[in-house]
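> Build me a model:
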Amino acid sequence: MFNPLEFTPEFIEDVGIKKGEKVDYAIMDNNEPTILIECKPVNEQLTNHVSQLFRYYGTSSSKFGILTNGIEYRFFTDLEQPNKMDTKPFLVYNLLELKDHQIKEIFKFTKENFNVENISSSAYELKYVNLIKNYLKEQMESPSDDFVKYILNNVYDGVKIKTVIDRFNSTVKHTLNVMINERVTDKLNAALNTSGESKVKIKEDVLDDIQEKEETKKKDEKLVVTTPEELESYAIIKVLSADIIDVKRVFYRDNRSYFNILIDDNIRK
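Residues are numbered from 1 along each chain as shown. Have a look, this model is predicted:
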């Protein structure tokens with residue numbers, strides 16, 4: 001940020017007949033702006049300021065625009081029409097509520113990893129995954145008439161008049177929530193059912209000093225109580241790691257003073 005060849009505050013960007021318009025910050029590459037950043041006060045709602053960034057974007061060679069109030073960040077590009085910034089961001093995150101998949105996308109914007117083509121290729125799917133997710137979330141909370149009617153077209157043979165749609169609105173909402181709860185429950189149960197015995201045999205080739213100390217406590221094994229909270233934490237870990245490793249490799253081992261969740265039944269993992 002201290003290199004003026006890479007980072008320029010108050011970057012001048014002429015907009016139409018307006019001359020000397022300034023973007024708060026521009027990240028430069030080969031003397032050309034590649035990312036424009038418009039900043040607002042921390043308590044400001046960003047939705048009201050998209051048009052300002054939109055104007056700057058259209059007259060520059062920048063590929064990405066960022067609108068932020070310091071807590072929420074919205075990333076824009078031109079997926080719909082070349083050189084015309086989309087009105088909807090392809091990435092939105094809140095610094096106070098960062099999620100792992102968002103961190104992965106933010107990492108692409110680090111200096112060492114920045115590649116316009118790579119980011120653009122993933123931005124399309126990222127944008128519409130978020131839009132679809134937000135739409136479904138809205139329908140779960142308050143199904144629209146069109147959404148209820150679409151569901152009824154596949155399950156209800158009668159005429160879909162307004163009174164019928166209204167009557168099924170709460171049914172559709174309830175069904176969506178039941179379906180999601182069932183899927184979560186099934187995954188948790190599957191994780192627990194594949195756990196095997198709660199006490200697993202320790203392999204001699206992976207014993208270390210910590211394991212030996214644990215072995216000395218086995219005479220007090222009757223005092224070890226595996227609580228529902230510990231089992232729940234174990235199930236959650238298995239569900240979260242299912243996309244990364246085979247859940248059969250995940251074990252747990254309870255002790256009097258702590259609860260271990262292990263990979264390959266190895267105390268080092």
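> use CA for all of it now, contacts and neighbours both
Will do.
> Is Leu91 bridged to anything, and to what?
Phe75 (DSSP bridges).
> Against Val116, how distant is it?
15 Å (C-alpha to C-alpha, to the nearest Å).
> These two: which is more packed in?
With neighbours defined as other C-alpha atoms under 10 Å, Leu91 and Val116 compare such that Leu91 has more, 19 against 13.
> how close does the more buried one sit to Leu262?
Applying C-alpha to C-alpha, the value for Leu91 to Leu262 is 34 Å.
> Could you report the distance from Leu223 to Leu152?
56 Å.
> Of the two, give the one with the bigger neighbour count.
Each of Leu223 and Leu152 has its neighbours counted (other C-alpha under 10 Å); Leu152 has more, 18 against 11.
> List the contacts of that one.
By C-alpha atoms under 8 Å, 6 or more residues apart in numbering, Leu152 lies in contact with Lys160.
> how about the helices of the stretch 51-200 of the chain, start to end?
Using DSSP state H, counting those that start in this stretch, the helices of the stretch 51-200 of the chain run over 100-107, 116-141, 145-155, 162-193.
> Out of those, the one nearest Phe76 is which?
Smallest distance to Phe76 across those (C-alpha to C-alpha): 9.1 Å, for helix 116-141.
> That closest one - contacts with which helices or strands?
With contacts defined as 3 or more C-alpha pairs under 8 Å, 6 or more residues apart in numbering; DSSP states H and E, helix 116-141 has these neighbours: strand 91-94, helix 162-193.
> any idea which helix or strand of this protein has the worst average confidence?
Across the helices and strands of the chain, mean confidence by mean pLDDT, DSSP states H and E is lowest for helix 209-216: a mean of 53.
> Domain parsing of this protein, as residue ranges.
Using automatic domain parsing, the domains assigned to the chain come out as 7-137, 142-193, 204-263.
> could the ones you listed be laid out in JSON lines, adding distance to Met1?
Output for these, formatted as JSON lines (distance: least, C-alpha to C-alpha, whole Å):
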{"stretch": "domain 7-137", "distance to Met1": "5"}
{"stretch": "domain 142-193", "distance to Met1": "44"}
{"stretch": "domain 204-263", "distance to Met1": "36"}
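> from those domains, which stretch is densest packed?
Neighbour counts (mean count of other C-alpha atoms under 10 Å) averaged over each of the domains of the chain peak at domain 7-137, with a mean of 16.
> Turn the helices and strands packed on helix 116-141 into TSV, including mean pLDDT and distance to Phe11.
Converted to TSV, the helices and strands packed on helix 116-141 look like this (pLDDT from 0 to 100; distance: least, C-alpha to C-alpha, whole Å):
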stretch	mean pLDDT	distance to Phe11
strand 91-94	92	23
helix 162-193	83	48
